[in-house]
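In: Pasting the sequence and the predicted coordinates here, then a few questions.
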Amino acid sequence: MPIAAERAQNIARVLIEALPYIRRFTGKTIVIKYGGNAMTEPHLKDGFARDLVLMKLVGVNPVIVHGGGPQIGQLLKRLGKATEFVQGMRVTDSETMDVVEMVLGGSVNKEIVNLINRHGGAAVGLTGKDGDLIRARKLLLRRDASDTTVLETDIPELIDLGHVGEVESIDAGVVDMLVSGNFIPVIAPIGVGADGFSYNINADLVAGKLAEVLHAEKLVLLTNTAGLLDSAGELIRQIDAAGVANLIQTGVIFGGMLPKIRCALDAIQAGVNAAHILDGRVEHAVLLDLFTDEGVGTLIRRR
Ligand SMILES: Nc1ncnc2c1ncn2[C@@H]1O[C@H](COP(=O)(O)OP(=O)(O)O)[C@@H](O)[C@H]1O
Ligand SMILES: CC(=O)N[C@@H](CCC(=O)OP(=O)(O)O)C(=O)O
């Protein structure tokens, strides 16, 4: 077969393969967490934006929650301010909170919005303050034996991380309005407390809760590993809650993967159909995951 004809056949095959998936996901909401570590090379960012525009065109409703941990770290470094993580959470004093708000609500959010719009989409950027989207409360972590954190509460077994929050409630009215107006919402993980203070929330936690509240079909977590890896560094294709508990206990899951996996489990236990951890370094990872038979990354199952 001539090369041009063979190419045309391949394109037709790919489109036909996508058809049942398009049918399945049309009209459904997919919450995608775009991790700061996945936002690296320009061609990957362009590919991600194109994937979203295509999804929207075939009737799927992507809602983006982004991170920006490395980008916050870079600005803090330029300002000469040290930063520390405990159980995957950044200890956030009020100066750090100002930087977090500038980077997440400002530069990172607007870069993603601009990227999507340049590829023909219509994105609108928000933080959890807009439309009172994310109500936060202070997060107090339970101390484990390995913690040597300086900041402490009056209760010795709890660790106070400053302006770090968890989601208290989500009022998705503004997101629903944007989705029904055919916009792609791009959300920075900053919440507001009853005290009016801003809270820095791990983006995975926001994505998980938002997927629950929006009754999303799927939660996709894009990061900088092939997915969840086992003790030998091999990709785990599927795992359930018991498997995850075992990997946490044996220290195979640590650091930034801890909040990610916990929120994936919470989301599926709350009724989201599937949670996937995907490799954001793979071009078009989201499209491959959604519209092809190829399995990329790790699927977190209910049982
Ligand atoms: N079992 C594991 N499998 C894969 N990555 C893991 C695992 N345990 C810990 N990690 C770490 O978690 C990181 C992903 O979390 P994080 O750095 O917070 O990414 P993101 O910015 O995408 O949220 C990986 O780069 C890896 O260093
Ligand atoms: C409390 C906490 O740790 N908040 C995160 C918020 C950004 C984030 O989650 O970014 P990634 O998804 O890129 O890691 C932080 O300050 O880094």
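Out: Now that the structure is in, tell me what you want to look at. Ligands and ions are numbered 1, 2, ... in the order given.
In: Burial check on the nearest residue to residue 213 once chain neighbours are set aside, number of neighbours?
Out: Leaving aside its chain neighbours, residue 213 sits nearest to residue 170 (4.6 Å; criterion: C-beta to C-beta, 6 or more residues apart in numbering). Backbone N, C-alpha and C define where each C-beta goes, glycine included. A count of nearby residues for residue 170, using other C-beta atoms under 10 Å, gives 20.
In: quick one, what contacts the residue in the stretch 51-200 of the chain that ligand 2 sits nearest to?
Out: Sorted by distance to ligand 2 under C-beta to the nearest ligand atom, the residues of the stretch 51-200 of the chain start with residue 67, at 2.0 Å. Listed by C-beta atoms under 8 Å, 6 or more residues apart in numbering, the contact set of residue 67 reads 33, 34, 35, 36, 37, 189, 203, 204.
In: What about ligand 2: which of those residues touch it?
Out: The subset of these within reach of ligand 2, by C-beta under 6 Å from any ligand atom, is 35, 36, 37, 189, 203.
In: show me what contacts the fourth one?
Out: Under the criterion of C-beta under 8 Å, 6+ apart, the contact partners of residue 189 comprise 65, 66, 67, 104, 128, 134, 200, 201, 202, 203, 205, 206.
In: Show the contacting residues for the closest residue in space to the fifth one that isn't next to it in sequence.
Out: Beyond its immediate neighbours in the sequence, the residue positioned closest to residue 128 (C-beta to C-beta, 6+ apart) is residue 134, lying 2.7 Å away. In this structure, residue 134 makes contact with 127, 128, 167, 170, 189, 190, 191, 192, 201, 206, judged by C-beta under 8 Å, 6+ apart.
In: repeat for residue 199
Out: With C-beta under 8 Å, 6+ apart, residue 199 has these contacts: 136, 137, 138, 139, 163, 164, 165, 190, 191, 192, 193.
In: just the buried members of those residues?
Out: Buried members of those, counted by 16 or more other C-beta atoms under 10 Å: 136, 138, 139, 163, 164, 165, 190, 191, 192.
In: need the longest strand for the chain.
Out: strand 158-170 (DSSP state E).
In: And for whichever helix in the chain runs longest, what's in contact with it?
Out: In the chain, taking DSSP state H as the definition, the longest helix is helix 3-25. By C-beta under 8 Å, 6+ apart, the residues outside helix 3-25 that reach it are 1, 55, 58, 59, 60, 217, 218, 290, 291, 292, 293.
In: re earlier: out of the buried ones among the contacts of residue 199, who's near ligand 2?
Out: residue 164.
In: got JSON lines for the buried ones among the contacts of residue 199, with distance to residue 9 and pLDDT too?
Out: Shown next, in JSON lines, are those (distance: C-beta to C-beta, whole Å; pLDDT from 0 to 100):
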{"residue": "136", "distance to residue 9": "53", "pLDDT": "98"}
{"residue": "138", "distance to residue 9": "58", "pLDDT": "95"}
{"residue": "139", "distance to residue 9": "54", "pLDDT": "92"}
{"residue": "163", "distance to residue 9": "56", "pLDDT": "97"}
{"residue": "164", "distance to residue 9": "53", "pLDDT": "97"}
{"residue": "165", "distance to residue 9": "53", "pLDDT": "96"}
{"residue": "190", "distance to residue 9": "49", "pLDDT": "98"}
{"residue": "191", "distance to residue 9": "50", "pLDDT": "98"}
{"residue": "192", "distance to residue 9": "54", "pLDDT": "97"}
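In: I'd like to know how far the nearest residue to residue 255 once chain neighbours are set aside sits from ligand 1.
Out: Closest residue in space to residue 255, ignoring its immediate chain neighbours: residue 88 at 5.3 Å, by C-beta to C-beta, 6+ apart. Separation of residue 88 from ligand 1 (C-beta to the nearest ligand atom, to the nearest Å): 6 Å.
In: Which residues are in contact with the residue in the stretch 201-303 of the chain positioned nearest to ligand 2?
Out: Residue nearest to ligand 2 within the stretch 201-303 of the chain (C-beta to the nearest ligand atom): residue 203, separated by 3.5 Å. By C-beta under 8 Å, 6+ apart, the residues touching residue 203 are 33, 35, 36, 65, 66, 67, 68, 189.
In: 10 Å instead, please
Out: If a contact means C-beta atoms under 10 Å, 6 or more residues apart in numbering, then residue 203 has 33-36, 65-69, 104, 187-190, 221, 259-260, 263 as its contacts.
In: if I look at it, how far off is residue 48?
Out: 15 Å (C-beta to C-beta, to the nearest Å).
In: re earlier: tell me the two of the contacts of residue 189 that are most distant?
Out: For the contacts of residue 189, with distances taken as C-beta to C-beta, the pair at the greatest spread is 67 and 134 (14.6 Å).
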